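Undergrad: Quick check, what structure comes out for this input:
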Amino acid sequence: MGKELRLNAFAMNCVGHQAQGLWRHPRDTSADYRSLDHWVELAKLLERGKFDALFLADVLGVYDVYGGSPDTALREAVQAPVNDPLLIIPPMAHATEHLGFAVTCNLSQEPPLPFARRMSTLDHLTDGRIGWNVVTGYLDSGAKGAGRDKQVSHDVRYDIAQEFMEIQYGLWEGSWEDGAVRRDRAAGVFTDPARVHRVTHQGEYFRIDSVHLCEPSPQRTPVIYQAGSSAKGTAFAARHAECVFIGGNTPSKMAEDVAKLRDLAVEFGRARSDILVFALATVVTAATDEEAEAKFVDYQGYVSETGTLALMSGWAGVDLSKPDQAKAGAASSNAIQSVAASIASGSAPAGRRVGRKVGLGGGGPAIVGGPKRVADELEAWAEEADLDGFNLAYAVMPETFADIVEHLVPELQRRGLFKRSYSPGAYREKLFGAGPRLGDHHPAARYRRP
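TA: Okay, the predicted model is just below:
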C-alpha cells in the first residue's frame, strides 16, 4: 500500500478549459458556467467524493497568438469567455463543509493591498478553506488589457513576484497581532490600535505604506500553490509554495523534477515534506475497462484540433498555425517556458498532431479504464515520481468527476490510498496535519510579530 493520495478537481470558470471542443458533447454542462447552481452542485459532488479541493485555473487575456487573431479562441470557446473565479467560491463554500478551494490569481495585474484584502475575505468566508495559485501571467493580450504594450520578461516577472510575496506576508502575517481584535462591548473597543502595525515597503516594483484592512483570517496566509517549471519558477516554488502543480507525460521525468524541487526547498531551509506535489492527469473511468475505453473513444470524437492549437499557441508564445516557424520561435518565447522548450527541442509536436496529443488531457496523461486499472496507474505514477496527489482535469463536465466519485474513489479507499472521511480544521490543517498557520520554516513566518 502506497501513501494516501490527495485529489483536486481541476476546472475553470469558462466553457472550454483543458479539453477543447468537448463543450459540444451532448452530456457536457460546462456552458452553464454562468450559473451558481452549476458550481454549487459541482462542489457538493466533489465533497461527496472526499476531494481535497477544487483547483480553479484562470487567465487574464485572450488566446490570440494562433493565426495572429483571437478568432479561433472565441469561435471555439478556448478559455473564452471566462468569468472571475473568486466570485463563485463563497456560494460553493456555503454549500459544503470541508472542500478546499485553490484559486489562480495573476499577481502581475494586482495591486498588493486590494489583493490581500480579497484573499483574507475569502479565507474568512470559507472558514479557512482558501488557497492561492501564484502565477505571473504569460499572455501579451493580458498585459495589453492592463495598459502595457506587452509582458515584462519571464525572469523579471518572478523578481516582481518575489517582491509581491514579501508585501503579502507583511500584510497577512505581520500587520495585525493575534490579540489585536478585542470585541469588547463594555469598553467600546473593537480593535486595539497598539496591536495593529503599518506595513511599509519601498522596492523596485512596489511601494506600500498601509495597515492591512482585514482582521486575521483563520489561515492568515492562504495555502500557497505554484506551477512554475522554469529555473526561476522552480526556485520560486521551492522558496514559497506549499503545493506545487506539475505536468508531464512520463513518471521518470516527473521524478527528476520533484527531486530537484524538494532539494531546492531544503537549500532554502525548508523540509522536503513541506511541499506537496500534484500532477496533472485526466481520468476517464467507468464500471469496466471496456466501458471506459468506449467512453474515451466517444470523447475523442469531439476534440477540436484547431482549438487545442490555439490554446497551445498561447501557452508556448508561438503561432502553431505556422509549424515550420514554431520551433525557432519557441526558443525565444516569453510565455510558459516548459511548453516553449518542449516545442523548441522537438519533443512536442509543433503541427496539427498537437491537437490530437493534447486535446484530451491538456498535456498530462489521459488514464483510461475501470477503477482497478486507473488506481493501478495512479498508484504507480505516485510511487515512481514521488507525487502526493493529482489535479484531475475533466473531459465532460460534470460526468468526468461523477464517474471518479462513483467508480475510482471507492477503489482507492479500498486500497487505503484515499481518505474515507475529512480531517477537521482549515485547508492547511487537512493537508499537513498541523495548525492552520504556515510553519515556522516558511519565509512568511519571519513577518510575524512576537
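Undergrad: so where is this protein shaky, pLDDT-wise?
TA: 1, 325-338, 340-357 (pLDDT under 70).
Undergrad: at 80 instead, please
TA: Low-confidence segments of the chain, defined by pLDDT under 80: 1-2, 228, 323-359, 361-363, 450.
Undergrad: can you give me the strands in it?
TA: Using DSSP state E, the strands of the chain run over residues 6-12, 53-57, 100-106, 130-135, 181-184, 189-191, 199-202, 207-210, 223-226, 243-246, 276-285, 366-369, 389-393.
Undergrad: and F236, which of those strands is closest to it?
TA: For F236, the closest of these is strand 223-226, at 6.4 Å, according to Cβ to Cβ. C-beta coordinates here come from the backbone N, C-alpha and C atoms, glycine included.
Undergrad: same for that closest one, what does it pack against?
TA: Other elements packing on strand 223-226 under the criterion 3 or more Cβ pairs under 8 Å, 6 or more residues apart in numbering; DSSP states H and E are strand 100-106, strand 130-135, helix 231-240, strand 243-246, helix 427-432.
Undergrad: Repeat the analysis, applying 10 Å as the threshold.
TA: Counting contacts by 3 or more Cβ pairs under 10 Å, 6 or more residues apart in numbering; DSSP states H and E, strand 223-226 is packed against strand 53-57, strand 100-106, strand 130-135, helix 154-169, helix 231-240, strand 243-246, strand 276-285, helix 427-432.
Undergrad: Adding distance to W39, write the ones you listed out as a markdown table.
TA: Output for these, formatted as a markdown table (distance: least, Cβ to Cβ, whole Å):
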| stretch | distance to W39 |
| --- | --- |
| strand 53-57 | 9 |
| strand 100-106 | 11 |
| strand 130-135 | 15 |
| helix 154-169 | 26 |
| helix 231-240 | 28 |
| strand 243-246 | 21 |
| strand 276-285 | 20 |
| helix 427-432 | 18 |
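Undergrad: ok so, going back, can I get the strands of the chain in CSV including distance to V156 and mean neighbour count?
TA: Formatted as CSV, the strands of the chain follow (distance: least, Cβ to Cβ, whole Å; neighbours: other Cβ atoms under 10 Å):
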stretch, distance to V156, mean neighbour count
strand 6-12, 27, 25
strand 53-57, 23, 26
strand 100-106, 15, 24
strand 130-135, 15, 25
strand 181-184, 39, 12
strand 189-191, 38, 13
strand 199-202, 18, 15
strand 207-210, 18, 13
strand 223-226, 17, 26
strand 243-246, 22, 26
strand 276-285, 26, 24
strand 366-369, 36, 22
strand 389-393, 28, 25
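Undergrad: As CSV, those strands with distance to L46 would be great.
TA: Output for the strands of the chain, formatted as CSV (distance: least, Cβ to Cβ, whole Å):
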stretch, distance to L46
strand 6-12, 5
strand 53-57, 6
strand 100-106, 10
strand 130-135, 14
strand 181-184, 33
strand 189-191, 37
strand 199-202, 36
strand 207-210, 37
strand 223-226, 17
strand 243-246, 17
strand 276-285, 14
strand 366-369, 19
strand 389-393, 10
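Undergrad: And the helices and strands packed on strand 223-226: which comes nearest V405?
TA: Shortest distance between V405 and the helices and strands packed on strand 223-226, using Cβ to Cβ, is found for strand 276-285: 10.1 Å.
Undergrad: which residues does G131 bridge with?
TA: Assessed by DSSP bridges, G131 has beta-bridge partners A102, V223.
Undergrad: ok, it touching L99?
TA: No. Between G131 and L99 there is no contact, the gap being 11.4 Å when judged by Cβ atoms under 10 Å.
Undergrad: what do those two both touch?
TA: N8, D52, A53, Y427 (Cβ atoms under 10 Å, 6 or more residues apart in numbering).
Undergrad: Kindly indicate which of those lies nearest L320.
TA: N8 (28.4 Å).
Undergrad: Could you give the bridge partners of that closest one?
TA: Counting by DSSP bridges, N8 is bridged to A53, N391.
Undergrad: residues in contact with it?
TA: Residues near N8 by Cβ under 10 Å, 6+ apart: 46, 51-56, 99-102, 131, 225, 243, 245, 278, 389-393.
Undergrad: How about H212?
TA: Neighbours of H212 in contact, by Cβ under 10 Å, 6+ apart: 113, 116-117, 120, 168, 170-176, 196-199, 220.
Undergrad: Next, it: phi, psi?
TA: Dihedral pair for H212: phi -70, psi 140, per degrees, to the nearest 10.
Undergrad: And it, how far from G128?
TA: 17 Å (Cβ to Cβ, to the nearest Å).
Undergrad: I'd say V59 and V82 touch.
TA: Yes. In this structure, V59 is within contact of V82 by Cβ under 10 Å, at 6.5 Å.
Undergrad: Overlap in contacts, those two.
TA: Common neighbours of V59 and V82 (Cβ under 10 Å, 6+ apart) are M12, C14.
Undergrad: And the shared contacts of G131 and L99, which is closest to V189?
TA: Using Cβ to Cβ as the measure, the one of those that approaches V189 most closely is Y427, at 31.4 Å.
Undergrad: Please name the residues that touch the residue nearest to that closest one when sequence neighbours are not counted.
TA: Take Y427 and drop its neighbours on the chain: the residue closest to it by Cβ to Cβ, 6 or more residues apart in numbering is G100, 4.1 Å away. Neighbour list for G100: 6, 8, 46, 51-55, 93, 126, 128-131, 222-223, 422, 426-428, 430-431 [criterion: Cβ under 10 Å, 6+ apart].
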